[in-house]
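Chemist: below are the sequence and a predicted model for it; my questions follow.
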Amino acid sequence: MNTSRQVGGSLGLALLATFATQRTADLAGSLDRVTALTEGFQRAFALGGILALVGAAAAAGLLSRQPAAQPA
């Protein structure tokens, strides 16, 4: 369980850093450096928020399908 959490966090961070870097590079020619960097991070944070909401919805859906515990 620990390994899957560690790997998931690493892959998630790498994915968000890639999106931030790509957005920053796309805007670097048309905007100043600081604004382009801010826009890149803004895109990555928005994507991270969306992924968190999707994960929460999936967890809620999976937990609601669990059968109720039977009294002993």
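Modeler: Happy to help now that I have it.

Chemist: now the residue most central in space within the chain, nearest residue through space, not along the chain?
Modeler: By C-alpha atoms, centre = their mean, the chain has its centre lying nearest to Gly48, at 2.8 Å. Closest residue to Gly48 apart from its sequence neighbours, by C-beta to C-beta, 6 or more residues apart in numbering: Leu16 at 5.5 Å. Every C-beta, even on glycine, is put in place using the N, C-alpha and C of the backbone.

Chemist: element containing the one you found, please.
Modeler: helix 2-27 (DSSP states H and E).

Chemist: buried ones in that helix?
Modeler: Using 16 or more other C-beta atoms under 10 Å as the test for burial, helix 2-27 gives 16, 19-20, 23-24, 27.

Chemist: which strands and helices sit next to it?
Modeler: helix 33-64 (3 or more C-beta pairs under 8 Å, 6 or more residues apart in numbering; DSSP states H and E).

Chemist: quick one: list the elements packing against the helix it packs on.
Modeler: Using 3+ C-beta pairs under 8 Å, 6+ apart: helix 33-64 touches helix 2-27.

Chemist: which residues of the protein score low on pLDDT?
Modeler: 66, 68-72 (pLDDT under 70).
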